[in-house]
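In: quick one: sequence plus predicted model below, questions after.
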Amino acid sequence: MKRLRTITAAATAAITVCAALVMTVSPASAGSKPKPSNDPNTAVASDGSTSTAPEFSTNLRGVNSFAGTGVTVKGTESAPPAESGTTVEHAENGQESVIGADNRVQITATTSFPYRAIVHITRDGNGWCTGWMINSNTVATAGHCVAPGGTGAFYGGTFRVYPGRNGASIPYGSCTARRLHSVSGWVSSGDERYDYGALKLNCTVGNSTGWFGFWWQSASLTGLPTTISGYPGDKAFGTLWRSTDQVRVTQDRQIFYQNDTIGGMSGSPVYQNRAAGSSFCVGQCSMAIHAYGVHGSSPHSTNNHGTRITEPVFNNLISWRNAA
């Protein structure tokens, strides 16, 4: 087992708690608070709209990835620098962690698939989180990237995503978010087991970048290989880094792994390349959404971890990507 190594100054700056930045307005409007629900997977949105997860037959357990056209945006070569140069991602429940030797590798070929389908999320120009395209205009991410959790409100400000970003290079340009999504278990209750969400974009860049597939299964995921690719706050701003490991522990709503991560990588896909003929999903397929580093008791204390894509999580992701 890899040995935990504490990250100090760089990581501390990278995961600065942004509680002071919490606002109760949304990108679309003055953001109404979602109504409480007994079901923590009840979907809520920043504009107060409601959506009902579709009812699927039991044989639909996943959707395949799509590579897209790969066509870049001509005339768009560089992005403005960060206003602060630091990541201010909300991560008060435990820093994301490098465990043992840092095995992250920088990805510079960000126009290749699936890396072009991974987005750098900024809020008001500052580094924030990572997300991944799930269709032409929808980005999946962690719930704490769109809402502080337990407050009943979403973050305000301007969210902008940069698909396939490589530092100042933004080969697919950028898009703003017109609506934020999550569930009551996170927004109202702040329960990390329901820490997932999405951004609905004002563009259809996913037709060029492609998107990830995702799936759920009731059987254990332990032993499956895991890749996490995202935008860490301790590296050069807007650069993409990848780490590999395997599922170490499977729980009902979370999975645990020792992929190395740092603040800014929350919302990254926890994925694997599944060959043709694989059950439920073929291609670059996500099984979870990365959200946390080490904290608390075992297995949280020795592993990074994320929100497992279960049947209700899958249904919500499908509902959000199908929404107008």
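Out: The structure has been received and is ready for your questions.

In: so which residues of the stretch 151-300 of the chain form strands?
Out: If DSSP state E, counting those that start in this stretch is used as the criterion, the strands of the stretch 151-300 of the chain fall at 159-163, 175-183, 197-201, 213-215, 225-230, 240-250, 254-257, 269-274, 283-292.

In: can you redo the ones you listed as JSON lines with distance to A140?
Out: All C-beta spots, glycine's among them, are computed from the backbone N, C-alpha and C. Rendered in JSON lines, the data for those read as follows (distance: least, C-beta to C-beta, whole Å):
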{"stretch": "strand 159-163", "distance to A140": "11"}
{"stretch": "strand 175-183", "distance to A140": "9"}
{"stretch": "strand 197-201", "distance to A140": "5"}
{"stretch": "strand 213-215", "distance to A140": "8"}
{"stretch": "strand 225-230", "distance to A140": "12"}
{"stretch": "strand 240-250", "distance to A140": "17"}
{"stretch": "strand 254-257", "distance to A140": "15"}
{"stretch": "strand 269-274", "distance to A140": "7"}
{"stretch": "strand 283-292", "distance to A140": "6"}
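
In: among these, which is nearest S46?
Out: Shortest separation from S46 across the strands of the stretch 151-300 of the chain is recorded for strand 175-183, at 3.9 Å, computed as C-beta to C-beta.

In: avg pLDDT for the closest one?
Out: Strand 175-183 shows an average pLDDT of 98 in the prediction.

In: mind giving me the packing neighbours of that strand?
Out: Packed against strand 175-183, as judged by 3 or more C-beta pairs under 8 Å, 6 or more residues apart in numbering; DSSP states H and E, are the following elements: strand 43-45, strand 159-163, strand 197-201, helix 311-322.

In: who touches the second one?
Out: The reference is to strand 159-163. The set of residues that contact strand 159-163 without belonging to it, under C-beta atoms under 8 Å, 6 or more residues apart in numbering, is 27, 79, 116-123, 125, 128, 131, 133, 139, 146, 170, 172-177, 180, 199, 201, 205-206, 208-209, 238.

In: and the angle from it to strand 197-201?
Out: With axes from the mean of the first three to the mean of the last three C-alpha atoms, to 10 degrees applied, the angle from strand 159-163 to strand 197-201 works out at 80 degrees.

In: in this protein, what spans have low per-residue confidence?
Out: Counting by pLDDT under 70, the ranges of the chain that qualify are 1-37, 53-59, 75-78, 81-95.

In: from D195, how far out is the residue nearest the centre of it?
Out: Nearest to the geometric centre of the chain sits G267, at 1.8 Å (C-alpha atoms, centre = their mean). The gap separating G267 from D195 is 10 Å, by C-beta to C-beta, to the nearest Å.

In: can you pull the residues that touch both of these two?
Out: Common neighbours of G267 and D195 (C-beta under 8 Å, 6+ apart) are 142, 289, 291.

In: who's V270 bridged to?
Out: Partner residues in beta bridges with V270, using DSSP bridges, are I228, A288.

In: distance of N303 from A323?
Out: Distance from N303 to A323, counting by C-beta to C-beta: 33 Å.

In: and these two? Which one has more around it.
Out: Between N303 and A323, counting by other C-beta atoms under 10 Å, N303 is the more crowded of the two (25 against 16).

In: not counting its neighbours along the chain, what's nearest that one?
Out: F256 (3.8 Å; C-beta to C-beta, 6 or more residues apart in numbering).

In: what of T239?
Out: Counting by C-beta to C-beta, 6+ apart, G167 is the residue found nearest to T239 once chain neighbours are left out, at 5.3 Å.

In: look up how far V187 lies from the nearest residue to T72 once chain neighbours are set aside.
Out: Counting by C-beta to C-beta, 6+ apart, T72 lies nearest to P171, which is 4.2 Å off, once chain neighbours are set aside. Distance, P171 to V187, by C-beta to C-beta: 33 Å.

In: and G306, helix, strand or coil?
Out: Counting by DSSP: H, G, I helix; E, B strand; the rest coil, the backbone at G306 sits in strand.

In: returning to what we had before: and P171 and V187? Which one has more around it.
Out: Neighbours around P171 and V187, counted as other C-beta under 10 Å, are more numerous at V187. The numbers are 30 against 21.

In: that one contacts F154, correct?
Out: Yes. Using C-beta atoms under 8 Å as the test, V187 is close enough to F154 to be in contact (7.0 Å).

In: anything in contact with each of those two?
Out: Each of A147 lies in contact with both V187 and F154 under the rule C-beta under 8 Å, 6+ apart.

In: and of the strands of the stretch 151-300 of the chain, who's closest to D102?
Out: Proximity to D102 (C-beta to C-beta) singles out strand 240-250 among those, at 8.4 Å.

In: tell me what the residue nearest to N303 is bridged to.
Out: According to DSSP bridges, V249, H305 are recorded as the beta-bridge partners of F256.

In: ok, it - how many residues close by?
Out: As a measure of burial, F256 has 25 neighbours, counting by other C-beta under 10 Å.
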